[in-house]
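# pasting the structure only:
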């Protein structure tokens with residue numbers, strides 16, 4: 001299985017479209033989201049955290065193929 005692409009801001013105005021479009025192209029997605037965020041498409045691997053939390057951001061980054 002190919003490693004997922006990490007998308008930060010996945011629930012924002014632009015990130016929503018990125019998260020929806022990548023799986024449609026067969027690209028697995030990991031999304032770094034805040035605990036209160038909802039509404040990710042099925043199949044998206046959500047990692048709860050914040051880009052300002054170094055440990056969460058590093059874990060998500062290290063387990064993804066690409067960082068966007």
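Structure's in. What do you need? Bear in mind the structure is a predicted one, so any value in this text is a computation, not a measurement.

# when you work out contacts or count neighbours from here on, use the C-alpha atoms and nothing else.
Fine.

# show me what contacts the residue nearest the centre of the chain?
The centroid of the chain falls nearest to residue 31 when counting by Cα atoms, centre = their mean (1.5 Å). Listed by Cα atoms under 8 Å, 6 or more residues apart in numbering, the contact partners of residue 31 are 6-10, 19, 44-47.

# inside strands: which ones of the residues you listed?
6-8, 45-47 (DSSP state E).

# now for those, which pair is the farthest apart?
Spatially, the most separated pair among the ones in strands among the contacts of residue 31 is 8 and 45, at 12.0 Å (Cα to Cα).

# of those two, give the one with the bigger neighbour count.
Using other Cα atoms under 10 Å, the more surrounded residue of residue 8 and residue 45 is residue 8, with 21 against 16.

# beta partners of the spatially closest residue to that one that is not a sequence neighbour?
Spatially, and ignoring its direct neighbours in sequence, residue 8 is nearest to residue 32 (5.2 Å; Cα to Cα, 6 or more residues apart in numbering). Counting by DSSP bridges, residue 32 is bridged to residue 8, residue 47.

# tally of neighbours for residue 32?
Neighbour number of residue 32 under other Cα under 10 Å is 25.

# cool, and residue 12?
When neighbours are counted by other Cα under 10 Å, residue 12 comes out with 12.

# could you confirm it falls within a helix?
No. Residue 12: not assigned to a helix; according to DSSP: H, G, I helix; E, B strand; the rest coil it is coil.

# residue 46 - how many residues pack around it?
For residue 46, using other Cα under 10 Å, the count is 21.

# again with the one 10 residues further on
When neighbours are defined as other Cα under 10 Å, residue 56 has 16 of them.

# what helix or strand does it sit in?
helix 54-62 (DSSP states H and E).

# low-confidence bits of the protein, can you list those?
1, 36-38, 64-68 (pLDDT under 70).
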